[in-house]
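Q: Pasting the sequence and the predicted coordinates here, then a few questions.
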Amino acid sequence: MEKIVFTDPDTGEKAEFAVEEETRLNGTRYLLVSEGAETGDCEAYILKEVGTQEEEIFYQMVDDDVEFAALAKVFSELADEDTLVTF
């Protein structure tokens, strides 16, 4: 499972996430990421690619309710039948 490090632009705090799914919608790349817990419940987030610079890719958390709802539906359809994705 691919891992990415997300750095909060406001605080500089770093968090590592596991990439669960990836999709492209209207030319924009989105990632469904989780805290990567092997067992039990964990938080999931949707990240939106907002730019690149050299070898770095920049993402931001999707916080627009309409955009989030549409992406949650897409990721739910992409998820394996054995995997329960709830938002």
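A: In hand now; what should we look at?
Q: quick one: strands adjacent to the lowest-mean-pLDDT helix or strand in the chain?
A: Least confident helix or strand of the chain, by mean pLDDT, DSSP states H and E, is strand 3-7 with a mean of 84. In the sheet, strand 3-7 lines up against strand 14-25 (antiparallel) (DSSP bridges).
Q: residues making contact with the partner strand?
A: Strand 14-25 is contacted by residues 1-8, 29-36, 44-45, 47, 70-71, 74-75, 78-79, 83, 85 when judged by CB atoms under 8 Å, 6 or more residues apart in numbering. Every C-beta, even on glycine, is put in place using the N, C-alpha and C of the backbone.
Q: Tell me where the chain has strands.
A: For the chain, the strands defined by DSSP state E occupy 3-7, 14-25, 28-34, 44-53, 56-61.
Q: quick one: pLDDT of residue 68?
A: On pLDDT, residue 68 comes in at 93.
Q: Please look at it and residue 61 and confirm they touch.
A: No: in this structure, residue 68 is not within contact of residue 61 by CB atoms under 8 Å, at 9.3 Å.
Q: Who has more neighbours out of the two?
A: Neighbours per residue (other CB atoms under 10 Å) separate residue 68 from residue 61, with residue 68 holding more: 16 against 12.
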